[in-house]
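Student: fold the stuff below for me.
(2 chains)
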Amino acid sequence: MTDALLGPEPTGRPTWGMWVSDHPQLVLGSVLVLLVVVTGIIEPRYLTFSGLRNTVLLAAPLGIMAGAQTILMLTGGIDLSVGMIATAAAYVAANQSPSGAAIAITAGLLVGVAAGTVNGIGVGLFRVNPLIMTLAMSAILLGLFTALSFTVLQGSTTVGRLISTLGGGSFLGNRIPYNALVWGGVSLLVIYGLRRTGLGRLLYAVGDNPTAVRLAGVRLWQVHLAAYAIAGLLAALAGILLAGRTGAVDLQLGVNFVLPSVAAAVIGGTSIFGGIGTYSGTIFGALILGVLATMMTFLDAGQAIQQIVYGSILLGLAWLYARVTSSS
Amino acid sequence: MTVATVESGWARSWRKNVRRHGWTLGVWLLLVGLMVAYAALLPRFGAFQITSIAKNSLPLVYLAIAQAVIVIAGGIDLAAGAILVLANAVAARLMEGQTFPVTLAIAVLVIVMATVLNGIVGWIITVSRVPDIVVTLATLFIFSGVALLVLPSPGGGTSEGFRALFTGSTSGTGSNFVPPLLSMAVPLALVAWWMRRTETGLSLYATGSNRVAAYLSGVSTGRAKVVAYAIGGAFGALGGLAALAITGSGESRLATASGFTLRAVAAIVLGGVALTGGIGSVVGAAAAGIVLFTLSPFLSALGVDPNTAQMIQGVLIVVVMMIAGIVELRRQRAL
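Tutor: From the prediction side, this is the model:
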């Protein structure tokens, strides 16, 4: 399905570029392995279960948030409010933690769906530009939860034990983090949903040619609404896991994940214009960013170097994609 | 004062221009209305308050102009805020303890540097064919990373004369509103004239409106984009210099950079610039920048607490955009 979306079958002698464009996952996998090996050379202790576990632990919330971003980017949209939605969900989950983990998680996820739905209404029904809509949503949530954190949500800074286990704990002798399990489940659902369900195919179609989809009798706003609601749900889930990992909830919880979530999807080969991309690519993107973050920690590189490296990798891979897709 | 100078230019073909620049006019009326309401709210409204609004809105206004030029040419610069922060950090680092003439020379150097740097970004976008939003997302990280290297913690300084250039007083606070208004109006008038009255300026509109058609009509679309990004870089640097003049020291956090970018994007959309390119004007964007900035002191004068004020700002942007969306939808159906 991806191949069909990437363009016509190339003819003639196979070139390096064609091979790359036919096997994007292999290329991303090689980059990932290379980064892991380089990190292992820098710090030999990294190539152990606990070293790799840390990377996955870091990458899982980012990967789930990048899933939200992937789904929206496929439709030609984007969500800059994922960070604040995650924070909001974490706050509500922390607030509801005394009433049990199930209620806490459900309440947190509902906040995400609600915010996502409002985004979807704005983008789908009122045709507000996704950048502006989600940006404004982010500002609204920040204002709302800053105010609430002084009143209703005061003291709601820690989550229940089940959530912190889910977000930060591991099983099988401290080898596999629980949040990787959650991420795995989400991944299977998203990949299956995008490939095999009507809605999944519509997401690709809407991003590829909205006019054609509308003329085919699809109500575009319903697709947008569903996509933004699902993205809100995923962002909320990521926020709850994040709260479980860090152990404390504050207003800065999700804010540093917004741009990396876009970066992970772009590194994974999802086009910002819509219609092209897979979630499996995004998973690689999130893992690559996770390994990079670990490597930077080992190298004791400061925030500044880390930002420069992030930016350079993003630019380099995006340029490579553009060359590959235009030459084949 | 800026309103008067801009409107006298329009007076010539009033009716046609009202139709064409309806949105821009609306934003300026909104600004005037907001100012009047703000003046009525405060017990004292005089030179000090005017100066305060004029100088403090400078960084956002410059950045809105930068973003407007780039978006009109069919791009978008997520790194605009990072250019501001980078210029701010470099200038604060170099200007500390220098005399006025030296700081002025450094300011020119910083503007030239930002112009060249963002011109290169525009060139990368044209050559690589990577979407603008992706390239500038990458440069957002890179530029703010470099800024952090240059200025690891808030600090640095500048000369008193340089502060007076943007703020009207050597200490950064005062009641002389002429310098801040001039430093807002002069670059704005220059770039507004350039965009509408020169061949290169118009080629930005052509490129943003329909790149293929512009290319086929002989417009060098690649050059237009590089020029747009270069000018965006220059205005981003102006924003960083103004911020330095206001606070007297530099700052280089990624959050500041992305926050500025996002507010500039909100400002241009409110100012009537279409994110699809080719539509809008820098004049509208600048007015919207002042409106966005003034909203927070206005709301706090109303007694609204800052958090609620932030929500109100967000809701306001969404509502304005929804109305614009419905108007656009109606227009399409009417055709």
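
Student: give me the low-pLDDT residue ranges for the chain?
Tutor: Since you didn't name a chain, this refers to chain A. Residue ranges of chain A with pLDDT under 70: A:1-21, A:173, A:325-328.

Student: switch to chain B, that's the one I care about
Tutor: Using pLDDT under 70, chain B drops low at B:1-13, B:15-20, B:335.

Student: show me how it divides into domains.
Tutor: B:2-303, B:304-335 (automatic domain parsing).

Student: can you lay out the ones you listed as TSV showing mean neighbour count?
Tutor: C-beta here means a position set from N, CA and C on the backbone, and glycine is covered the same way. Putting these into TSV (neighbours: other C-beta atoms under 10 Å in any protein chain shown) gives the following:
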stretch	mean neighbour count
domain B:2-303	21
domain B:304-335	15
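
Student: what is the one helix or strand A:Leu135 maps to packed up against?
Tutor: Using DSSP states H and E, the element containing A:Leu135 is helix A:130-150. In terms of contacts (3 or more C-beta pairs under 8 Å, 6 or more residues apart in numbering or on different chains; DSSP states H and E), helix A:130-150 is packed against helix A:82-96, helix A:101-120, helix B:254-270, helix B:306-334.

Student: the first one vs chain B: in contact?
Tutor: Think helix A:82-96. No. Figure legend: helix A:82-96 not in contact with chain B (C-beta under 8 Å from any C-beta of the partner chain); closest approach 10.3 Å.

Student: show me what that helix is packed against.
Tutor: Helix A:82-96 packs on helix A:49-74, helix A:101-120, helix A:130-150, helix A:220-246, helix A:258-267, going by 3+ C-beta pairs under 8 Å, 6+ apart.

Student: which one of the ones you listed lies nearest to B:Leu204?
Tutor: Closest to B:Leu204 of these, according to C-beta to C-beta: helix A:130-150, at 20.3 Å.

Student: near chain A, which residues of the stretch 151-300 of chain B are found?
Tutor: Going by C-beta under 8 Å from any C-beta, the residues of the stretch 151-300 of chain B near chain A are B:152, B:254-255, B:258, B:262, B:265-266, B:269, B:275.

Student: the closest residue to chain B within the stretch 151-300 of chain A: how many residues sit nearby?
Tutor: The minimum distance from the stretch 151-300 of chain A to chain B, using C-beta to the nearest C-beta, falls at A:Ile272 (4.9 Å). By the criterion of other C-beta atoms under 10 Å in any protein chain shown, A:Ile272 has 22 neighbours.

Student: quick check on it: phi, psi?
Tutor: phi -70, psi -20 (degrees, to the nearest 10).

Student: surely it and A:Thr75 touch.
Tutor: No. With contacts counted by C-beta atoms under 8 Å, A:Ile272 stays clear of A:Thr75, the gap being 11.2 Å.

Student: which positions within the helix or strand that comes right after the helix holding A:Leu135 qualify as buried?
Tutor: As assigned by DSSP H and E, the chain's next helix or strand after helix A:130-150 is helix A:161-168. When burial is assessed from 16 or more other C-beta atoms under 10 Å in any protein chain shown, helix A:161-168 yields the following buried residues: A:162-164, A:166-168.

Student: report the two of those residues separated the most.
Tutor: Maximum pairwise distance in the buried residues of helix A:161-168, criterion C-beta to C-beta, is 11.5 Å, between A:Leu162 and A:Gly168.

Student: surely A:Leu28 meets A:Gly281?
Tutor: Yes. A:Leu28 is in contact with A:Gly281 according to C-beta under 8 Å; the separation is 6.3 Å.

Student: find residues that contact each of these two.
Tutor: Counting by C-beta atoms under 8 Å, 6 or more residues apart in numbering or on different chains, the contacts common to A:Leu28 and A:Gly281 are A:267-269.

Student: of those, which is the nearest to A:Phe298?
Tutor: Comparing these against A:Phe298 with C-beta to C-beta places A:Ile267 closest, at 20.8 Å.

Student: hang on, the earlier thing: mind putting the helices and strands packed on helix A:82-96 into TSV with mean neighbour count?
Tutor: Below are these laid out as TSV (neighbours: other C-beta under 10 Å):
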stretch	mean neighbour count
helix A:49-74	25
helix A:101-120	22
helix A:130-150	22
helix A:220-246	26
helix A:258-267	28
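
Student: distance to B:Tyr62 for those helices - can I get that in CSV?
Tutor: Output for these, formatted as CSV (distance: least, C-beta to C-beta, whole Å):
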stretch, distance to B:Tyr62
helix A:49-74, 30
helix A:101-120, 30
helix A:130-150, 20
helix A:220-246, 33
helix A:258-267, 23
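
Student: with respect to B:Ser57, which of the ones you listed lies nearest?
Tutor: Taking these one by one with C-beta to C-beta, helix A:130-150 is closest: 17.8 Å.

Student: ranges for the strands of the stretch 1-150 of chain B?
Tutor: With strands called from DSSP state E, counting those that start in this stretch, the stretch 1-150 of chain B shows none.

Student: chain A contacts on that one?
Tutor: B:76, B:124, B:128-131, B:133-135, B:137-149.

Student: of those residues, which belong to helices?
Tutor: B:124, B:128, B:133-135, B:137-149 (DSSP state H).

Student: distance of A:Ile78 from chain B?
Tutor: 8 Å (C-beta to the nearest C-beta, to the nearest Å).

Student: pretty sure that residue sits against A:Asn129.
Tutor: No. Under the criterion of C-beta under 8 Å, A:Ile78 makes no contact with A:Asn129, lying 9.5 Å away.
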